[in-house]
Structure formats: C-alpha cells, structure tokens
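J.: I need the structure of the sequence given here:
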Amino acid sequence: MTESSTAGARLRGSIGVAGIVFLVIAAAAPLTAVGGALPLMIGLGNGAGAPTAYLVAAGVLLLFSVGYAAMSGHLDEAGAFYAYVRRGLGPRLGLGAANLALLTYTAIQAGIYGLAASTVEELVVHYGGPDLPWYVYAFALMAVVAVLGYRNIELGAKVLGVLLVVEIGTIVALSSAVLIRGGAHGVDTVSFTPSAFFDGSPGIALTFAIASFIGFEATAIYGEEARDPRRTIPRATYLAVGTIGVLYAVASWAVVLAFGSDGAAAAAGADPEGLTFTAARLFLGESAADLMAILMVTSLFAALLAFHNAISRYGYALARDGIGHPALGHIHLRHGSPHKAALAQTLSAALLLGTFALAGADPVLQLFTWMSGLATVAMLLLMLLTSVAIIVFFRRTGLDRRAWHTVIAPVLGTGGLLLITALVIDNCTALVGGSTLVSIILSALVAATFALGVARAAPNLVGQAYGADGGARSRVGTDLMP
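T.: Okay, the predicted model is just below:
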C-alpha cells in the first residue's frame with residue numbers, strides 16, 4: 001500500500017525557513033528575470049529607471065505580505081491563496097480563486113517549458129549537437145520534474161537549493177564586477193531617482209517587475225510540510241520577498257551601469273535577448289557569459305519544479321475539500337507527498353505542451369509570451385481577492401487586534417495592487433507580444449476561469465457553516481464529493 005485516504009490526511013515534511021525561501025526564489029527564477037525580463041523593462045519600459053520598478057513592486061508585495069503572514073498563523077493548510085479567500089470571503093469566491101491559481105501556475109509553467117526548451121535547443125546546437133525540435137527537450141525536462149515532484153518535498157528543496165546557490169552567485173558576481181569596475185561611465189544613482197522611474201513607460205516596467213515575483217505565495221502552500229508553520233511561514237515570506245526585491249534591484253542597476261544610465265535603453269532596444277550576457281562578457285569574460293547561458297537552463301528548471309509542486313498542492317487541497325476528483329487528495333505513505341495530484345499535473349502539462357507543439361507554435365514568441373501575460377493578469381486578480389479576504393477575515397473574527405497587521409498594511413497593499421493591476425491591464429497588449437486580439441482572448445479567459453469556479457460551487461459547499469476561527473468547516477470525504 002502506497003497511499004493514505006483523503007479523509008483526515010495531511011502532507012508530511014519538516015522543511016524550514018531556508019528550504020521554503022529556496023522554493024519561492026526558485027519559482028521567481030532570478031537569472032531568467034535578469035537575463036530575460038530586465039532587458040525588456042529597460043528597452044520597452046522606463047530605461048535606467050527599471051531598478052526602481054523592482055523596488056516599488058517589492059514594496060507593494062511586502063505590504064501585502066504583512067496581512068498574509070499574520071493570517072498564516074491561523075491557516076497552515078496547503079492551498080495558499082485559495083484557502084485564504086475561502087476563509088475570508090466564502091467558498092464560492094474561494095473556488096473562483098482556486099481556478100485562478102491553477103490557471104496562473106499552469107500557464108506560467110507551460111510558458112517556462114517553452115523558454116527552457118528553446119534555450120536548451122540553442123545551447124545544444126551551439127556546442128555542435130543535433131538540431132532537434134524544441135518539444136523534445138520540453139518533454140525531457142518534464143520527465144525529470146515529474147520524478148522529483150513525486151517524491152518528498154525536502155528532496156526537491158535540496159535540488160533547488162544547490163541550483164539557486166550557483167545561480168544567485170553568478171548574478172552577484174556580475175553585479176559586483178560592474179560596480180567595482182565602475183560600469184561604462186562610472187557609478188551613479190540615476191536609476192533610483194523619481195525622474196528616471198517616470199521616464200518612458202513605467203507601467204510596462206512595473207508589469208514585468210511584478211511578473212518576476214510570481215510564485216512567492218509558495219511560502220503558505222507548504223504550510224503543512226513546514227516545521228513550526230506559525231513561525232516559519234511569516235519569516236519565509238518576508239525573507240523571500242525582501243531577498244528577491246533587493247537582488248533584482250541591485251542586479252538591474254548593475255546592468256544599467258554596464259552600458260551607462262544614458263545608454264542602457266538604446267542598448268536594450270538593439271539587443272534585448274543578449275543585453276545581460278553582453279554585460280557578463282564585458283565585465284566577467286567570455287567563459288562567464290557562456291556559463292551564464294547554461295545556468296539559464298538550471299534557473300528555468302528550478303522554476304519548473306517549484307511551479308509543479310505548487311500546482312500539485314493546489315490539486316491536493318481542492319480534492320481534500322471535496323472539489324475535483326477525490327483521488328487527487330491521496331498522500332504517498334512513504335514520501336508524504338500528493339503523488340497523484342503530481343501525476344495529474346504532469347499529464348495536464350503534457351497535454352498543453354502537446355497542443356502548442358502540434359499547432360507549430362513558437363516556444364518563445366507564442367508559448368512563453370502568451371502564457372506569461374495570462375499568468376500575470378490572473379495572479380494579480382488572485383492577490384487582490386486574497387488581500388480583501390485578509391481584511392475581511394480579521395474584521396469578522398477579531399483573532400488579531402494589531403492595526404498595522406490586519407488593517408493598515410493590508411489596505412495599503414490592496415491599493416498598490418489595484419494600481420499595478422490597472423497598469424498591467426493597460427499594457428497587456430505589450431505583455432503578450434503586441435497582439436490586441438491575443439490580449440482580449442487571454443483576458444477573457446481569465447474572467448471566464450474565475451466565473452466558472454464561482455458558478456460550479458455546489459450548494460452544499462456554499463452552505464458550510466463557519467467555525468470559530470472564521471473558516472469554513474471542511475467536510476472532506478462526505479457529501480461534498482462530486
């Protein structure tokens with residue numbers, strides 16, 4: 001026998017703060033953000049002001065995280081945003097939030113498979129290997145992710161930890177080399193001035209900046225598998241958002257200085273794909289630039305594994321709450337992992353990638369670009385729902401009387417998220433590659449996904465009574481099963 005029943009089962013693990021932070025930063029894929037998103041922020045957005053966009057995004061997410069971390073002390077189950085919205089706003093909106101979360105992570109993971117496969121294909125050809133179709137590499141990566149995702153979460157955290165140390169070390173090395181050598185024309189702080197931030201199109205820069213943080217909710221997704229979740233989750237949340245924000249801001253500042261504050265926008269416009277690697281070549285040497293290109297693959301792989309784990313745990317949480325197929329709520333007795341939900345996630349990813357492959361889609365210009373834009377819009381709406389749910393939860397239950405944690409910071413965070421969401425929607429066409437039709441279709445898909453979740457909430461699920469802690473009482477294994 002390899003699995004437990006759904007009823008009463010919980011995921012097992014003893015992952016600590018460092019392990020969870022690794023999982024979150026892995027999902028953010030720092031080298032991918034610095035090598036892929038940053039040049040677009042500089043070239044299409046606000047030029048030298050791009051580093052400030054990262055700080056603004058991090059600031060808004062830190063405000064959001066205050067209430068998020070406070071509520072985590074009253075909610076340590078898998079499911080993260082879905083569980084928060086369900087507790088704060090009720091099962092109907094909770095299920096709509098779950099649909100948005102599944103859409104977000106499924107889309108961003110599919111997009112990363114496309115980018116990772118394309119990157120591997122280019123490297124193999126560059127070093128004299130065979131010119132195989134991109135989807136061959138995509139399915140090979142998927143097989144490795146499936147094996148690691150099936151096992152205990154601590155194994156995945158260890159793998160990600162090793163990859164991230166090397167990845168972040170490379171980013172720090174590039175940043176240090178540029179700052180120590182004075183960049184192209186000396187070190188200045190133009191990037192952090194208001195005039196630089198508001199130059200050009202700051203909305204586009206903020207759009208790419210917030211997209212670079214997708215996956216940070218993983219701190220709460222692993223609540224059941226964490227050591228002392230009431231302490232671990234808040235610490236991991238603050239540390240992850242702060243680390244990602246500082247790392248992005250410093251690294252983007254260094255890349256700007258590598259070409260000069262007055263020349264970075266032109267350089268990014270002329271070579272958006274190679275800007276960061278050119279900076280590495282100039283300040284670290286040819287071999288370092290080649291190593292960075294290889295580490296792009298490990299960065300993308302780390303993100304794939306992190307999102308695989310997130311999607312699996314959402315599927316498990318929904319099944320345990322009586323939503324979806326009950327088999328997804330089973331836990332592997334030896335690994336303590338949601339192994340059937342992990343297998344289902346692998347199958348859904350294979351079907352989605354297979355569809356794009358059969359359609360002859362470009363893995364970067366279509367698969368990656370479209371899915372990244374879709375995920376960004378869906379995630380922001382999901383975070384807005386969660387932010388409101390946190391405010392309502394504490395107001396209704398009175399479990400925490402600290403004004404900063406339960407009212408002031410969450411309200412400020414909600415306002416910041418509203419502003420960023422408006423900017424993202426306004427720049428959605430640019431985010432998905434310039435096609436208005438694609439932008440409309442993807443936005444409609446986000447709305448329809450949320451509406452479908454709300455509509456399919458069973459009457460008996462909606463009628464669940466709220467417990468003393470303000471959360472809906474779970475009736476897993478009873479009449480909630482479809």
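
J.: For the helix or strand containing residue 242, enumerate the helices and strands it packs against.
T.: Using DSSP states H and E, residue 242 falls within helix 229-259. Packing partners of helix 229-259 (3 or more C-beta pairs under 8 Å, 6 or more residues apart in numbering; DSSP states H and E): helix 17-28, helix 30-32, helix 38-40, helix 50-72, helix 153-181, helix 218-221, helix 264-270, helix 275-283. (Glycine included, C-beta is placed from N, CA and C.)

J.: Only the buried residues of that helix, if you could.
T.: Neighbour-count burial for helix 229-259 flags 229, 232-241, 243-245, 247-259 (criterion: 16 or more other C-beta atoms under 10 Å).

J.: of the helices and strands packed on helix 229-259, which approaches residue 382 most closely?
T.: helix 50-72 (11.5 Å; C-beta to C-beta).

J.: Now stretch 175-185: average pLDDT?
T.: Regarding stretch 175-185, the rounded mean pLDDT is 95.

J.: what's the answer for stretch 134-144, then?
T.: On average, stretch 134-144 scores 95.

J.: contact partners of it?
T.: Here stretch 134-144 makes contact (C-beta atoms under 8 Å, 6 or more residues apart in numbering) with 113-114, 116-118, 120-121, 124, 301, 304, 346, 349-350, 353-354, 357, 363.

J.: among those, which ones are buried?
T.: For those, buried by 16+ other C-beta under 10 Å: 113-114, 116-118, 120-121, 301, 304, 346, 349-350, 353, 357, 363.

J.: follow-up on the earlier one: can you redo the helices and strands packed on helix 229-259 as a markdown table, where the extra columns are mean neighbour count and distance to residue 441?
T.: As requested, these are exported to a markdown table (neighbours: other C-beta atoms under 10 Å; distance: least, C-beta to C-beta, whole Å):
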| stretch | mean neighbour count | distance to residue 441 |
| --- | --- | --- |
| helix 17-28 | 26 | 26 |
| helix 30-32 | 25 | 25 |
| helix 38-40 | 26 | 22 |
| helix 50-72 | 25 | 26 |
| helix 153-181 | 19 | 34 |
| helix 218-221 | 30 | 28 |
| helix 264-270 | 20 | 28 |
| helix 275-283 | 23 | 30 |
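
J.: Dump these to a markdown table, plus distance to residue 391.
T.: A markdown table is the format used below for these (distance: least, C-beta to C-beta, whole Å):
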| stretch | distance to residue 391 |
| --- | --- |
| helix 17-28 | 24 |
| helix 30-32 | 31 |
| helix 38-40 | 33 |
| helix 50-72 | 7 |
| helix 153-181 | 31 |
| helix 218-221 | 17 |
| helix 264-270 | 39 |
| helix 275-283 | 39 |
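
J.: Out of these, flag the one nearest residue 95.
T.: Across the helices and strands packed on helix 229-259, closest to residue 95 is helix 218-221 (C-beta to C-beta), at 17.2 Å.

J.: Could you report the neighbour count for residue 447?
T.: 13 (other C-beta atoms under 10 Å).

J.: for residue 448, same thing?
T.: 12.

J.: Show me what the one helix or strand it maps to is in contact with.
T.: Using DSSP H and E, residue 448 sits within helix 436-455. The contact list for helix 436-455, computed with C-beta under 8 Å, 6+ apart, reads 92-93, 95-100, 103, 370, 373-374, 377-378, 381, 425, 428-429, 431-432.
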